[in-house]
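Trainee: A structural model of the following input is requested.
(chains A, B and C)
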Amino acid sequence: MTAPAPDTHTLASRTAQLLADMRKARPLVQVITNFVSMDVTANVLLALGAAPAMVHAPEESPDFIRKAAALVINTGTLSAPAAQAMDVAAAAARTHGVPWVLDPVGAGGTPFRDATIASLLRRRPSVIRGNASEIMAMARIAGLTNARGGPRGPESGHATSEVEDLAQRLARHALCTVAATGAVDIVTDGRQFVRLANGSALMTRVTALGCGLTGFIGAMLGTPNADAFDATVTALAAYAIAGDIAAERTDAPGSFRVAFVDALYRLTSDDIVQRLRTA
Amino acid sequence: MTAPAPDTHTLASRTAQLLADMRKARPLVQVITNFVSMDVTANVLLALGAAPAMVHAPEESPDFIRKAAALVINTGTLSAPAAQAMDVAAAAARTHGVPWVLDPVGAGGTPFRDATIASLLRRRPSVIRGNASEIMAMARIAGLTNARGGPRGPESGHATSEVEDLAQRLARHALCTVAATGAVDIVTDGRQFVRLANGSALMTRVTALGCGLTGFIGAMLGTPNADAFDATVTALAAYAIAGDIAAERTDAPGSFRVAFVDALYRLTSDDIVQRLRTA
Amino acid sequence: MTAPAPDTHTLASRTAQLLADMRKARPLVQVITNFVSMDVTANVLLALGAAPAMVHAPEESPDFIRKAAALVINTGTLSAPAAQAMDVAAAAARTHGVPWVLDPVGAGGTPFRDATIASLLRRRPSVIRGNASEIMAMARIAGLTNARGGPRGPESGHATSEVEDLAQRLARHALCTVAATGAVDIVTDGRQFVRLANGSALMTRVTALGCGLTGFIGAMLGTPNADAFDATVTALAAYAIAGDIAAERTDAPGSFRVAFVDALYRLTSDDIVQRLRTA
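Mentor: Model prediction:
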């Protein structure tokens, strides 16, 4: 059932082109994210050339979403009012045909969190992006497995290689693109499937870089003519390549964060074409 | 009706003096700001030598405001509870004669936001600081124009040159100082008017630097003997000069943010006198 | 009543060993902290090798706490819902025998804040960490003094030398370890007492580094076989030594924050043994 993966060169060219398209379009991205990631997500999006707007109130989301090119929802630092705000925004995005990406931070961690995420899944995200434990938990929430995921807080207890099949089944079930990120990233829409191999272990030592990546997926979803699968591959590949570049400049997380934001800002098509690696 | 603008040298001397006064006074500034800007606003104020306190609960604002030299209210990441907290704090500031500055992030964006901002305007801010779109929206909220502002989320869709007249009318109407910031910053109290020309385009690629600037205005308002117009000019001029200095050290936003905070900390009277430019 | 302080070399060896134990254990730390400190606290914990999880909702804290090795509660940016979330989490920590540390930011500032902190004190924290003004206010809240503390927002109006006796009485009264941090840090459990003399004044020019330190105490509390007193001494000593190292690299707060996170990540046993100073 799975289509053959495109060769690396084709993938890199498409990634470079879509990134350029996004920078040109400067999409306005509505972001509902956790308190830890607010700063870094906004800075990642600005460095990339997108226009983030952290708007979450149920009183204004339905108005604001009409102007937005895409919506990002991230379940970190969850609360009951936040869950309601997410539901209103996701429903409004569906009503107005605005694509949206779900980052189910901590999925599998508590019943409250899983119930919130189950509700969001019914609002039909265009993309789901999580670590392997979170994707495993999402598959269980969707009724596709009994495996429990077992995250350690926001960290994964699994490698993405363990969820390749589940990710594809989840994508087919939820009619969306699914990305599981880790040492190797995987992306699938249930038909297409790629493994991406760039990135640095230091990315796990800086808080909320995964949340920033989901923001980037939102910006790509808001780019004219980018379909959900290609948008997701572009964000993951470009982000991990910026990680490689930053890791060449420093070996510690404080300066890595700075170098990483700089690398996103400076990232060129050549960087992508020369560095993109699949697995 | 407008007073002649002071010459650049006079402006620079006054700015350098007031900044020195603020550093000596170390004003305690109560800040109610959005979640994106919490970190950078606090760091900007600490680097400048002020003492920020992020206190927002309606249960304690009326007690806390008595100790504060000034109050900052910023409407980013708005919610119904936040709107109520802002209203309580602004009312308490008026009761106790504490000057306050309003940063109407996203004004014109949604009816909910505009209604909140209209209520805050009735609490009589000492200073309003926004981008050109936000100042245009404020003028509409105040009944002075039918123009709608048209922000793209937190970004401006207009240049400050388009709102010079509106800013002056808004200042006269609301009996306050109005600042519109952009490539050129303008400040007016309805009688005095200046254009400031320092600053770097990289400042728009780091999140919440506008919010940090509003925090700085708060610190200047809390400085003994600084009137609202001079306080605002001082903050805008010194901030943009620090931006110039940081832009001489790097060309990318991650390292720019670091260099900018360093520049605020190190900023000297000589820097101000030698670099301040008007337009 | 007070035990003789261990000699500096013994203290340094124990500190180096416990830090190594923590890095090996990678404790999952549940953190309920203020919005200003979210980013830096998470980054401090990740740089040190711990696993922070910012989980606060009353709907999930009682479930989540069972997986956590320790809990951190910080009262900055307080609100009524946050106070309730803290109370539920602290109660759950006690029920499940999870150690927890209280950072009473702004204690003494307003009646609302003091009432919240009094309730938390009844939940029996394992450690209390504050500046001298906050520890003085805690002693008053506990009925041990009439002195009012007098903080300037989150800043201390006192030196730790002024609260040595009160800290020891508070530790005995509340059956916990008490740390007051400043130019000299003091730690006591009512029987043992040490003064630590590392650290840089630049640490007060970066927001929320005190909150990050309390997070670090949480990580040490979650380390197997670390008692509360030794855990606290380890966190304070290692943190201040990282401050010394960072201050050798820069003299301004923007770059200091970056260098400080790098220094925490790179900190070695040799650094601790060679640099630790008592007073």
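Trainee: okay, CA-based contacts and neighbour counts for the rest of this
Mentor: Noted.
Trainee: who in the stretch 1-150 of chain A is up against chain C?
Mentor: With CA under 8 Å from any CA of the partner chain as the criterion, the stretch 1-150 of chain A meets chain C at residues A:35-37, A:39, A:76-80, A:109-113.
Trainee: what two of those are the furthest from one another?
Mentor: A:39 and A:111 (28.2 Å; CA to CA).
Trainee: Show me where chain A dips below the pLDDT cut-off.
Mentor: Applying pLDDT under 70 to chain A picks out residues A:1-2, A:149-150.
Trainee: quick one: the residue nearest in space to the middle of chain A from chain C, how far?
Mentor: Closest residue to the average C-alpha location of chain A: residue A:214 at 2.7 Å, with CA atoms, centre = their mean. Per CA to the nearest CA, to the nearest Å, residue A:214 is found 17 Å from chain C.
Trainee: how about that residue, what does it touch?
Mentor: Residue A:214 makes contacts with A:72, A:101-103, A:129, as judged by CA atoms under 8 Å, 6 or more residues apart in numbering or on different chains.
Trainee: Residue A:170 too?
Mentor: Going by CA under 8 Å, 6+ apart, residue A:170 touches A:138-139, A:142, A:144, A:178, A:190.
Trainee: quick one: it from residue A:123, how far?
Mentor: Applying CA to CA, to the nearest Å, the value for residue A:170 to residue A:123 is 15 Å.
Trainee: Same question for residue A:251.
Mentor: Residue A:251 is 41 Å from residue A:123, where distance means CA to CA.
Trainee: Could you tell me which residues within stretch A:134-152 count as buried?
Mentor: Neighbour-count burial for stretch A:134-152 flags A:134-142, A:148-152 (criterion: 16 or more other CA atoms under 10 Å in any protein chain shown).
Trainee: Residues contacting that stretch, please?
Mentor: A:104-109, A:114, A:118, A:129, A:132-133, A:156-158, A:163, A:166-167, A:169-170, A:173, A:180, C:28, C:51, C:67.
Trainee: Could I get the CA-only coordinates of that stretch as CSV?
Mentor: Extracted C-alpha coordinates of stretch A:134-152, given in CSV (Å, rounded to 0.1, in the frame of the first residue of the first chain):
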residue,chain,number,x,y,z
GLU,A,134,3.2,10.4,22.0
ILE,A,135,2.4,8.8,18.6
MET,A,136,2.0,5.4,20.3
ALA,A,137,-0.3,7.0,22.8
MET,A,138,-2.3,8.7,20.0
ALA,A,139,-2.7,5.3,18.2
ARG,A,140,-4.1,3.9,21.5
ILE,A,141,-6.4,6.9,21.9
ALA,A,142,-7.6,6.3,18.3
GLY,A,143,-8.3,2.6,19.3
LEU,A,144,-5.6,1.2,17.0
THR,A,145,-3.4,-0.5,19.8
ASN,A,146,-3.3,-1.3,23.4
ALA,A,147,0.3,-0.2,23.8
ARG,A,148,0.5,2.7,26.3
GLY,A,149,3.4,4.8,25.1
GLY,A,150,5.0,5.5,28.5
PRO,A,151,6.4,8.9,28.1
ARG,A,152,8.6,10.4,30.9
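Trainee: Work out the gap between that stretch and the centre of the chain.
Mentor: 18 Å (CA atoms, centre = their mean, to the nearest Å).
Trainee: which SSE is the residue in the stretch 151-279 of chain A positioned nearest to chain C in?
Mentor: When scored by CA to the nearest CA, the stretch 151-279 of chain A has residue A:254 as its residue closest to chain C, at 4.6 Å. In the assignment (DSSP states H and E), residue A:254 maps to helix A:253-266.
Trainee: and the longest helix anywhere in chain A with chain C, contact?
Mentor: Ranked by number of residues, the top helix in chain A under DSSP state H is helix A:228-247. No - using CA under 8 Å from any CA, helix A:228-247 stays clear of chain C, coming no nearer than 13.3 Å.
Trainee: Check what contacts that helix and list those residues.
Mentor: Contacts of helix A:228-247 (CA under 8 Å, 6+ apart): A:14-16, A:18-19, A:126-127, A:176-177, A:179, A:185, A:187-189, A:196, A:198-200, A:202-203, A:213, A:216-217, A:220-221, A:256, A:259-260, A:263-264, A:267, A:271-272, A:275-276.
Trainee: sorry, back to before: mind giving me JSON lines with the contacts of residue A:214 and columns for neighbour count and distance to chain B?
Mentor: Below are the contacts of residue A:214 laid out as JSON lines (neighbours: other CA atoms under 10 Å in any protein chain shown; distance: CA to the nearest CA, whole Å):
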{"residue": "A:72", "neighbour count": "29", "distance to chain B": "14"}
{"residue": "A:101", "neighbour count": "30", "distance to chain B": "19"}
{"residue": "A:102", "neighbour count": "27", "distance to chain B": "19"}
{"residue": "A:103", "neighbour count": "27", "distance to chain B": "18"}
{"residue": "A:129", "neighbour count": "27", "distance to chain B": "22"}
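Trainee: Leaving out chain neighbours, which residue sits closest to residue A:83?
Mentor: residue A:116 (6.4 Å; CA to CA, 6 or more residues apart in numbering or on different chains).
Trainee: Look at the one you found and say how many residues are nearby.
Mentor: Neighbours of residue A:116 under the rule other CA atoms under 10 Å in any protein chain shown: 21.
Trainee: and it, which of the three is it?
Mentor: helix (DSSP: H, G, I helix; E, B strand; the rest coil).
Trainee: I figured it hits residue A:82, correct?
Mentor: No - with contact defined as CA atoms under 8 Å, residue A:116 does not count as touching residue A:82 (9.8 Å).
Trainee: can you give me the helices for chain A?
Mentor: A:8-25, A:38-48, A:61-64, A:80-95, A:111-121, A:132-141, A:164-174, A:209-221, A:228-247, A:253-266, A:269-275.
Trainee: And for the fourth one, what's in contact with it?
Mentor: Which is helix A:80-95. The contact list for helix A:80-95, computed with CA under 8 Å, 6+ apart, reads A:32, A:56-58, A:61-62, A:65, A:71, A:73, A:75, A:99-100, A:116, A:119-120, A:123-125, C:57, C:59.
Trainee: tell me the contacts of residue A:52?
Mentor: Counted by CA under 8 Å, 6+ apart, residue A:52 has contacts A:28-31, A:42, A:45-46, B:153-154.
Trainee: So whichever residue of the stretch 101-250 of chain A sits closest to chain B versus residue A:239, what's the distance?
Mentor: Closest to chain B within the stretch 101-250 of chain A is residue A:246: 11.2 Å, counting by CA to the nearest CA. Going from residue A:246 to residue A:239 by CA to CA gives 11 Å.
Trainee: Over to residue A:183?
Mentor: Counting by CA to CA, the gap from residue A:183 to residue A:239 is 13 Å.
Trainee: Ok, residue A:84 next?
Mentor: Distance from residue A:84 to residue A:239, by CA to CA: 30 Å.
Trainee: repeat for residue A:245
Mentor: Where residue A:239 is concerned, residue A:245 sits at a distance of 10 Å (CA to CA).
Trainee: between those two, which one's more packed in?
Mentor: Between residue A:245 and residue A:239, counted using other CA under 10 Å, the more crowded position is residue A:239 (27 against 21).
Trainee: In space, what's closest to the residue of chain A most remote from its centre - neighbours in sequence excluded?
Mentor: The outermost residue of chain A relative to its centre, with distances by CA atoms, centre = their mean, is residue A:59 at 25.9 Å. Excluding its sequence neighbours, the residue lying closest to residue A:59 (CA to CA, 6+ apart) is residue B:112, at 6.3 Å.
Trainee: Fine by me, we can end here.
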